[in-house]
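Enquirer: Quick one: sequence plus predicted model below, questions after.
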Amino acid sequence: MTPATHSLDPARLPEIAAGTDRSGTLNNVLAIAGIVIKEMYRRKDFYVLFVLTALITLLMGSVTFFNQENIVRYLKEICLFLIWAASLVITITTAARQIPAEREQRTLFPLLAKPVTRNQLVIGKFLGCWFASGISLLLFYLFFGAVAGAKEHEWPVLNYFQAAVLHWFMLGIVCALTMLGSVVFDAPSSTNTIMLIVSVGILLVGRHLNKVALKMEEPGQTIVYAIYFVLPHLELFDVRDLIVHNWGLIPWHIWAAGLAYAAVYSAIFLALACLMFRRKAIN
Amino acid sequence: MRAYLLSIFLLLMVGFSLATTLEPWFQSWAGSRAQSENVLQVALGDSRRMFARHFFTKADAYFHNGYYPSIYDSKEGEKQERSAVKGAHEHEGHSAEECEESYLGAPKDWIDRFSRHFFASQHTHLGESDCGHDCCKKSKEGKGHDETCEHKGHEAGHHHDQEDGHDHAEAAKAGQEREILPWLRLSAEMDPQRVESYVIAAFWLRSKLGKVDEAEQFLREGLRANPGDCEIQYALGVICYEDRKDIVRARNLLELSMNRWREQESRKPEPNILLLGQILNQLAKLEREQKNYPRALECYTLLKQISPNKEAVQNWIDEMKTNLPPSAVASPR
Amino acid sequence: MSEAILKTDNLRVEYRSREVGQELKCALKGLNLEVRRGEVYGFLGPNGAGKTTTMNVLLGFVNATAGDAWLFGVNVREPIARQRIGYLPEQTCYYKFLTAEEILRFYAKIFRIPKADVERRIDAVLKLVDLDHARKRQIKTYSKGMQQRVGLAQALINDPDLLILDEPTSGLDPVGRMKVREIILRLKNEGKTVFFSSHELGEVETVCDRVAILAQGELKAEGQVSELVRLHQQPNLEQVFLKIIGYHDSSDSLTRSRQAA
């Protein structure tokens, strides 16, 4: 027993040493993640976006074209587009405000005065944001499945499962990158703006950078190709076309490889965030 | 407080009165600014044409089940972008195999190769019973499916069952072309002067979905927005002939569309020869069925001048001449 | 002599200065402190003396440039050093969307208090700080005084052996200040150690066993209040404080110079 855990009152049992061993790390990380999840469902962001998505989808679904029933793909596309937009907004705004808000509201000090390390704080915040976005994503996809199934009378559950999990892991990359941004930029608004631009930019252009590079001359070609290889290809996880147009399942081993790709990038960004946060003055 | 409210109300009244008084004077000076009753057109202005083009492209992408080149793809790909929606309309029975090669080409790197599992990377069309892959074709021919094949683009719910053949798949695919209709509708809404939206939507409505009334109604809407457009008149003529069996109206519409073509298209540096060919072909077919052989011959002769496949047209002319007595083939009007 | 619960050895902290031409600013210059088990230790000094910097080092917020600090014999750089302490910051802000109960439960989980004990401890501390009636309300509905009491509750949730309080009576009304004094004295009677900074020298005189006076990053005086008063020949702690930090009342010097004339 270390002096720090030795109870000065022999009548009381010593409490478990916190924060140093693996189980202690997991305990702290999960406790912090729980706070983030609580914050998400007590703020109005998610509910507003969900209601907006549902309203627009149901409105579009009530329109008929040329008295033709069972036109469903456009509805799936609109619904999935709204889900993607809403999930990006929720994830980025939630992740961007975690550390700056803790500093601004000074809740960081009583927390770090406990046996919690800065790394545990960053990882806990990340897990909380990721799980929170996962929960909101689950609700969004359940709604999507209900709407699509009502029109199509088909429920390709495995396809939706693959798409939802890929989407969730993509949000993991975005979350980790946003947390890194929030450590670099103090203002959440800066992080929000930059991250939204970066995410949307990668989703739109990421796949095509190699084609752009091949059309350029040196040294531009090398630079653009290097960026192409280094940046996280978020568009890999955008399988909306496969869902909208009823393509078959992605081979499971390819799907797993995609998840592993996302995990690696998330880990890299998270490690950088931990490193930078450890060196940052918090007072 | 009451004084403030009354003052504000009075100012609002004065402002409103001034606006109603000055507006006619302004219009007499600057002209009427209202170009349309449509809120969208007023709000978006000329950018609605951009939206219309986007929605039309979306319809084409939907026709290809999501497989579509982006603006970053090669020039060859851009040419191949020639709409299959339009292409299918112009060459009925055209299938995916007859389309040009993939715009994607060989993968350029491992990320490119890996990413092709995550988006539509096989060329298929809505309503086709296979995915265009060799193994599917073999299965259709009763040669069995290669279970080790990991081709992408295998349609959900598509069973390579030799006994059922592809009837099961055919049934599942029937009417899938309806999926492009919302985008064509939106495209027409955004840009009523985009004639393609009306013509192509009407084609799929009547040929694959059996919605002749809706097709005709939509074409008439297009004709109201584009008075005298030859392409819409031609499409209406086809409906009258093939669906309504109203020969007189069909003939009138086809003749009218041909005359309009001569007025509108012939002056252009690149006239739409394809459309003229279609009009002549349809008119010739109608006249032939109505036993008006001189007129039919006249149309075929004109068609032969512009058709890229002159041999086939000549064959039709010869066939008509050989199967009929000479008196039936009188000199042209 | 009882063991040293809190100890610093030649603690030095330097910051990068924002002023042009001045590279480093020294907030602490070789501070040597020792706080023994069971005592109430007052940490005094004018604004900018280095009190908060000292606390930041003890709590691991800031790394010392030189020297070391220990809590319960464990270097403060180790998270385990904070296992048996409670900290009340000067400005109390807690997660506004949580209730008092949820905050305490969260911190109890961090300390890995056994589930069987958590509810009992939460009830006890909420009763102690008089927040039992508002435990289910979110913090954003609390007044400043109530938030300060939540701060005290979270500092006590793990039944700490060392309490570090940064201006615990700041912003409180007289009733609130009295309650805080009572809590400090109760903790002292239970054998806890309290290390706190305050500008309320009257309170410090009442509760503290020993005090330290810091000025410009250096420890100027340390000892029992009565000893310091006798040593510096001043009527009370306030005058001792003013003398040590070098404060001269201008009205006094005018009177003396007039008298001399």
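Expert: Yep, it's here. Numbering: from 1, shown residues only, chains lettered A, B, ... in the order given.
Enquirer: Residue A:229 and residue A:207, how far apart?
Expert: Residue A:229 is 13 Å from residue A:207, where distance means Cβ to Cβ, to the nearest Å. In this view, the C-beta of every residue, glycine as well, is placed from N, C-alpha and C.
Enquirer: Compare these two and say which is more crowded by neighbours.
Expert: Counted by other Cβ atoms under 10 Å in any protein chain shown, residue A:229 and residue A:207 do not tie: residue A:207 has more neighbours, with 22 against 13.
Enquirer: show me what contacts the more buried one?
Expert: A:233, A:235, B:70, B:115, B:119 (Cβ atoms under 8 Å, 6 or more residues apart in numbering or on different chains).
Enquirer: Next, it: secondary structure please.
Expert: Following DSSP: H, G, I helix; E, B strand; the rest coil, the label given to residue A:207 is helix.
Enquirer: per-residue pLDDT, residue C:243?
Expert: The model reports residue C:243 with a pLDDT of 86.
Enquirer: Restrict the helix or strand harbouring it to CA atoms and write it as PDB.
Expert: Take DSSP states H and E as the rule and residue C:243 turns out to sit in helix C:237-245. The C-alpha trace of helix C:237-245 is given here as PDB (Å, rounded to 0.1, in the frame of the first residue of the first chain):
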ATOM      1  CA  LEU C 237      -2.300  39.300  12.200                       C
ATOM      2  CA  GLU C 238      -3.400  42.000   9.800                       C
ATOM      3  CA  GLN C 239      -0.700  44.400  11.000                       C
ATOM      4  CA  VAL C 240       1.900  41.600  10.900                       C
ATOM      5  CA  PHE C 241       0.800  40.800   7.300                       C
ATOM      6  CA  LEU C 242       1.100  44.500   6.200                       C
ATOM      7  CA  LYS C 243       4.500  44.800   7.900                       C
ATOM      8  CA  ILE C 244       5.900  41.700   6.300                       C
ATOM      9  CA  ILE C 245       4.700  42.600   2.700                       C
END
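Enquirer: Longest helix in the chain, please.
Expert: You didn't pick a chain, so chain A it is. Criterion DSSP state H: the longest helix present in chain A is helix A:118-152.
Enquirer: meant chain B, my bad for not saying
Expert: The longest helix of chain B (DSSP H) is helix B:2-30.
Enquirer: Just checking, which helix or strand succeeds that helix along the chain?
Expert: Once the chain leaves helix B:2-30, the next helix or strand it forms, by DSSP H and E, is helix B:39-44.
Enquirer: That next one near chain A anywhere?
Expert: No: between helix B:39-44 and chain A, judged by Cβ under 8 Å from any Cβ of the partner chain, nothing touches; the nearest distance is 14.6 Å.
Enquirer: nearest to chain C, of the contacts of residue A:207?
Expert: residue A:235 (34.7 Å; Cβ to the nearest Cβ).
Enquirer: which residues touch the closest one?
Expert: Listed by Cβ under 8 Å, 6+ apart, the contact set of residue A:235 reads A:202-204, A:206-207, B:115, B:118.
Enquirer: Check residue B:113 too.
Expert: Counting by Cβ under 8 Å, 6+ apart, residue B:113 has contacts residue B:107.
Enquirer: That one: what secondary structure?
Expert: helix.
Enquirer: Three-state assignment for the residue nearest the centre of chain C, please.
Expert: In chain C, the residue lying closest to the centroid (Cα atoms, centre = their mean) is residue C:196, at 2.6 Å. Here residue C:196 is strand, with the state taken from three-state DSSP.
Enquirer: hang on, the earlier thing: of the contacts of residue A:235, which is the most crowded?
Expert: Most surrounded of those: other Cβ under 10 Å gives residue B:118, at 24 neighbours.
Enquirer: Give me the secondary structure label for that one.
Expert: Under three-state DSSP, residue B:118 comes out as coil.
Enquirer: ok, it - contacts?
Expert: Here residue B:118 is in contact with A:166, A:235-239, A:242, A:250, A:258 (criterion: Cβ under 8 Å, 6+ apart).
Enquirer: So for it, what's the pLDDT?
Expert: pLDDT, residue B:118: 94.
Enquirer: In terms of secondary structure, what does the longest helix of chain B contact?
Expert: Helices and strands touching helix B:2-30, by 3 or more Cβ pairs under 8 Å, 6 or more residues apart in numbering or on different chains; DSSP states H and E: there are none.
Enquirer: Could you tell me the average pLDDT over it, please?
Expert: Averaging pLDDT along helix B:2-30 yields 88.
Enquirer: Now the buried members of the contacts of residue B:118.
Expert: A:166, A:235-239, A:242, A:250, A:258 (16 or more other Cβ atoms under 10 Å in any protein chain shown).
Enquirer: Include secondary structure and pLDDT when you put those residues into JSON lines, please.
Expert: Formatted as JSON lines, these follow (DSSP: H, G, I helix; E, B strand; the rest coil; pLDDT from 0 to 100):
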{"residue": "A:166", "secondary structure": "helix", "pLDDT": "97"}
{"residue": "A:235", "secondary structure": "helix", "pLDDT": "95"}
{"residue": "A:236", "secondary structure": "helix", "pLDDT": "95"}
{"residue": "A:237", "secondary structure": "helix", "pLDDT": "97"}
{"residue": "A:238", "secondary structure": "coil", "pLDDT": "96"}
{"residue": "A:239", "secondary structure": "coil", "pLDDT": "96"}
{"residue": "A:242", "secondary structure": "helix", "pLDDT": "95"}
{"residue": "A:250", "secondary structure": "coil", "pLDDT": "95"}
{"residue": "A:258", "secondary structure": "helix", "pLDDT": "97"}
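Enquirer: Put together CSV for the residues you listed, with distance to residue C:245 on each row.
Expert: Formatted as CSV, the buried ones among the contacts of residue B:118 follow (distance: Cβ to Cβ, whole Å):
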residue, distance to residue C:245
A:166, 64
A:235, 64
A:236, 64
A:237, 62
A:238, 65
A:239, 69
A:242, 73
A:250, 72
A:258, 65
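Enquirer: ok, the residue of chain B at minimum distance from chain C - how many residues close by?
Expert: Here chain B gets closest to chain C at one residue, residue B:1, 33.5 Å apart by Cβ to the nearest Cβ. Neighbours of residue B:1 under the rule other Cβ under 10 Å: 5.
Enquirer: bridging residues for the residue nearest to the centre of chain C?
Expert: Taking DSSP bridges as the rule, residue C:196 bridges to residue C:42, residue C:165.
Enquirer: Contacts only, for it.
Expert: C:40-43, C:163-168, C:184 are the contacts of residue C:196 under Cβ under 8 Å, 6+ apart.
Enquirer: With residue B:250 instead?
Expert: B:237-238, B:240-241, B:244, B:286.
Enquirer: out of these, which one sits closest to residue A:220?
Expert: residue B:238 (52.2 Å; Cβ to Cβ).
Enquirer: Any part of stretch B:47-64 near chain A?
Expert: Yes: against chain A, stretch B:47-64 shows contacts by Cβ under 8 Å from any Cβ at residue B:62.
Enquirer: CA atoms only: put that stretch into CSV for me.
Expert: Extracted in CSV, the C-alpha atoms of stretch B:47-64 (Å, rounded to 0.1, in the frame of the first residue of the first chain):
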residue,chain,number,x,y,z
SER,B,47,-29.2,29.7,-60.7
ARG,B,48,-32.3,27.5,-61.0
ARG,B,49,-30.9,26.4,-64.3
MET,B,50,-27.9,25.1,-62.5
PHE,B,51,-30.2,23.2,-60.1
ALA,B,52,-32.2,21.9,-63.0
ARG,B,53,-29.1,20.5,-64.6
HIS,B,54,-28.0,19.0,-61.4
PHE,B,55,-31.3,17.3,-60.9
PHE,B,56,-31.3,16.0,-64.5
THR,B,57,-27.8,14.6,-63.9
LYS,B,58,-29.2,13.1,-60.7
ALA,B,59,-31.9,11.3,-62.7
ASP,B,60,-29.2,9.9,-65.0
ALA,B,61,-27.1,8.8,-62.0
TYR,B,62,-30.2,7.1,-60.6
PHE,B,63,-30.7,5.3,-63.9
HIS,B,64,-27.3,3.9,-63.5
